[in-house]
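>>> Output the structure for:
(4 chains)
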There are 2 protein chains.
Amino acid sequence: MTAKQTEKQFLKSYNIHDFDVPLTSVDMAIFTLKDEQLQVLLVKRAQHPALGQWALPGGFIDFKKDKVLADAARRKLAEKTGVDTPYLEQVATFGGADRDPRGWSVTITYFALIVCDEVELSGDESSDDVKWVPIKDITNKLELAFDHKQVLAACIERLKNKVQYTSLPVNLLPEEFTLTELQQTFEIILDKKIEKKSFRRRIDDADILEETGNMKTGSNRPAKLYRAKPKGENFYFTRNIEGPR
Amino acid sequence: MTAKQTEKQFLKSYNIHDFDVPLTSVDMAIFTLKDEQLQVLLVKRAQHPALGQWALPGGFIDFKKDKVLADAARRKLAEKTGVDTPYLEQVATFGGADRDPRGWSVTITYFALIVCDEVELSGDESSDDVKWVPIKDITNKLELAFDHKQVLAACIERLKNKVQYTSLPVNLLPEEFTLTELQQTFEIILDKKIEKKSFRRRIDDADILEETGNMKTGSNRPAKLYRAKPKGENFYFTRNIEGPR
DNA sequence: TGAATTGGTGTCTTTAGGCCACTAAGATGT
DNA sequence: ACATCTTAGTGGCCTAAAGACACCAATTCA
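Numbering: from 1, shown residues only, chains lettered A, B, ... in the order given. Next comes the predicted model:
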């Protein structure tokens, strides 16, 4: 019995392959703003199972390269997009006996927000194609591998919810941006109009941006350019954004 | 190469033990209200590793009994407490190379809210002791196995956050309760006083409770007893509870 | 029977967001 | 050159929901 062993003896004789273990992977919804739409990156599976089907990018934990879970997510993100400092957030973990034909499986799901023009898409051995899909096109028609539609739905829901009471959309914009651009980003994600004055007052009171001193010109009156204040962290409002009554 | 196989052939030759797989478990913070305090259930580990140390209850997925992840959490909860209809919510998944001496490991963490007097504590083979600990006593002095202190901290943080904008505390009370009892539950979790009228207005506007018709007597003026309205789901306020200014 | 205690309400203030009209400054067309 | 259009940005009033606090109501207990 275990009670008589020391921990050292126990560990010496321990072999994980003596046990039932679920297949464990990390998948992610990588969001970006492109053509004035919120889009998500999908990859075409280059391997069994679900070969040839579109899926969320993801893969297995690399015991050598990944020290913690988020490392695996960041590694996958960098492999697919070349981006290495995204906003990254764990959304949920899905697991079950039937979601993957290989057996009991678990997927830890993250979402990332990245700036579109920092991306260099790269197919690699594990996927022979990669594409951006507007989330408006994630409908019943579109099929995804495994339970990825449900997984993606959870990511989209989390993003939309959080945009109601945080400053998350800042992470979808380049270093410098105008308040109108920021407002449009909120509007695109929430899929509703926001009143200009209310929006600007809200952002102003939060004190999360600073003027860069530069102006964006070209469209009639020039607009002040802002950047996120260095402290950086995501701001939490105490009240949800409401939109028109 | 995989590309030439059918999926059927691939699955036939697939053996998960040919791969690096992390140790995957489900752990949970089981919260209850006891002696006017928020308390969490800890178990003393009866097996290696970390034998004899206090830890969050948890265990491995049982491929036979568990169809999906939450089943494993519910099963563990029932084993320890006998409670089978808790409020259950997934909090986060922690994974890393160093958190368990057996190797790369992953734990999917849930928290549960249960009513204290529905509990029948039961030690079983995997733990020779079980106890309730007030979360105020979860300090630097207290040691927990693995990274469970961090895990528990995440659960407590999630609970506290969510209580600011939901009706979660209803799940810590028995079927019938007074508004004062509900308010006290909020106050205990948030660790601050709430103004009575504001609180009652908020609950009333949310329209989530109904009078049972019974009264609670014994302490001076009798108080109306309420129950959660049948639709049940957790209510989301659009604004955080604020407490004294 | 009256003070103490706990349940429950009326109503004023404060806060943050909605609404909408207005000014500011550059682009465009004749 | 100058009127008009468009987008940037602000002033100011209104409203919803929460805080503050005084007050009334119903019971226990001395």
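>>> quick one: the residue of chain A found nearest DNA strand C from A:Arg245, how far?
Using CB to the nearest atom of the strand, the closest approach of chain A to DNA strand C is made by A:Ser198 at 2.6 Å. (Each C-beta comes from the backbone N, C-alpha and C, glycine too.) In this structure, A:Ser198 lies at 11 Å from A:Arg245, with CB to CB, to the nearest Å as the measure.
>>> So for these two, which sits in the more crowded spot?
It is A:Ser198, of A:Ser198 and A:Arg245, that has more neighbours when counted by other CB atoms under 10 Å in any protein chain shown, with 13 against 4.
>>> Mind checking what secondary structure that one has?
helix (DSSP: H, G, I helix; E, B strand; the rest coil).
>>> what's the spacing between it and A:Asp204?
Counting by CB to CB, the separation of A:Ser198 from A:Asp204 is 11 Å.
>>> helices and strands around the helix or strand harbouring A:Leu42, which ones?
With elements taken from DSSP states H and E, the one containing A:Leu42 is strand A:37-45. With contacts defined as 3 or more CB pairs under 8 Å, 6 or more residues apart in numbering or on different chains; DSSP states H and E, strand A:37-45 has these neighbours: strand A:23-34, strand A:54-55, helix A:69-81, strand A:127-134, helix A:148-163, helix A:179-190.
>>> What residues of that strand count as buried?
If you call a residue buried by 16 or more other CB atoms under 10 Å in any protein chain shown, then strand A:37-45 has these buried ones: A:38-45.
>>> Adjacent strands (with direction) for it?
For strand A:37-45, the paired strands and their directions (DSSP bridges) read strand A:23-34 (antiparallel), strand A:54-55 (antiparallel), strand A:127-134 (antiparallel).
>>> thinking again about what came up before, possible to save the helices and strands packed on strand A:37-45 as JSON lines with mean neighbour count and mean pLDDT?
Putting those into JSON lines (neighbours: other CB atoms under 10 Å in any protein chain shown; pLDDT from 0 to 100) gives the following:
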{"stretch": "strand A:23-34", "mean neighbour count": "24", "mean pLDDT": "97"}
{"stretch": "strand A:54-55", "mean neighbour count": "20", "mean pLDDT": "96"}
{"stretch": "helix A:69-81", "mean neighbour count": "21", "mean pLDDT": "95"}
{"stretch": "strand A:127-134", "mean neighbour count": "15", "mean pLDDT": "82"}
{"stretch": "helix A:148-163", "mean neighbour count": "18", "mean pLDDT": "97"}
{"stretch": "helix A:179-190", "mean neighbour count": "19", "mean pLDDT": "98"}
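>>> Can you add distance to DNA strand C and give the ones you listed back as JSON lines?
Rendered in JSON lines, the data for these read as follows (distance: least, CB to the nearest atom of the strand, whole Å):
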{"stretch": "strand A:23-34", "distance to DNA strand C": "22"}
{"stretch": "strand A:54-55", "distance to DNA strand C": "36"}
{"stretch": "helix A:69-81", "distance to DNA strand C": "30"}
{"stretch": "strand A:127-134", "distance to DNA strand C": "25"}
{"stretch": "helix A:148-163", "distance to DNA strand C": "13"}
{"stretch": "helix A:179-190", "distance to DNA strand C": "10"}
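>>> Any figure for the gap between the closest residue to A:Ala73 other than its chain neighbours and DNA strand D?
In space, and not counting its chain neighbours, A:Ala73 is closest to A:Tyr110: 4.4 Å by CB to CB, 6 or more residues apart in numbering or on different chains. Using CB to the nearest atom of the strand, to the nearest Å, we find A:Tyr110 at a distance of 32 Å from DNA strand D.
>>> swap in A:Asp147?
Plainly put, A:Asp147 is 36 Å away from DNA strand D if you go by CB to the nearest atom of the strand.
>>> residues touching the closest residue to A:Ala78 other than its chain neighbours, list them.
Nearest-residue entry for A:Ala78: A:Asp84, 5.0 Å, with adjacent residues in sequence omitted and distances by CB to CB, 6+ apart. A:Asp84 makes contact with A:74, A:77-78 under the criterion CB atoms under 8 Å, 6 or more residues apart in numbering or on different chains.
>>> how does chain A divide into domains?
Chain A breaks down into these structural domains: A:22-162, A:165-228 (assignment by automatic domain parsing).
>>> between the ones you listed, which one is nearest to B:Pro22?
Shortest separation from B:Pro22 across those is recorded for domain A:22-162, at 5.4 Å, computed as CB to CB.
>>> so A:Phe237 touches A:Asp207, yeah?
No. With contact defined as CB atoms under 8 Å, A:Phe237 does not count as touching A:Asp207 (11.9 Å).
>>> Looking at the two, which is more packed in?
Between A:Phe237 and A:Asp207, counted using other CB under 10 Å, A:Phe237 has the larger neighbour count: 16 against 9.
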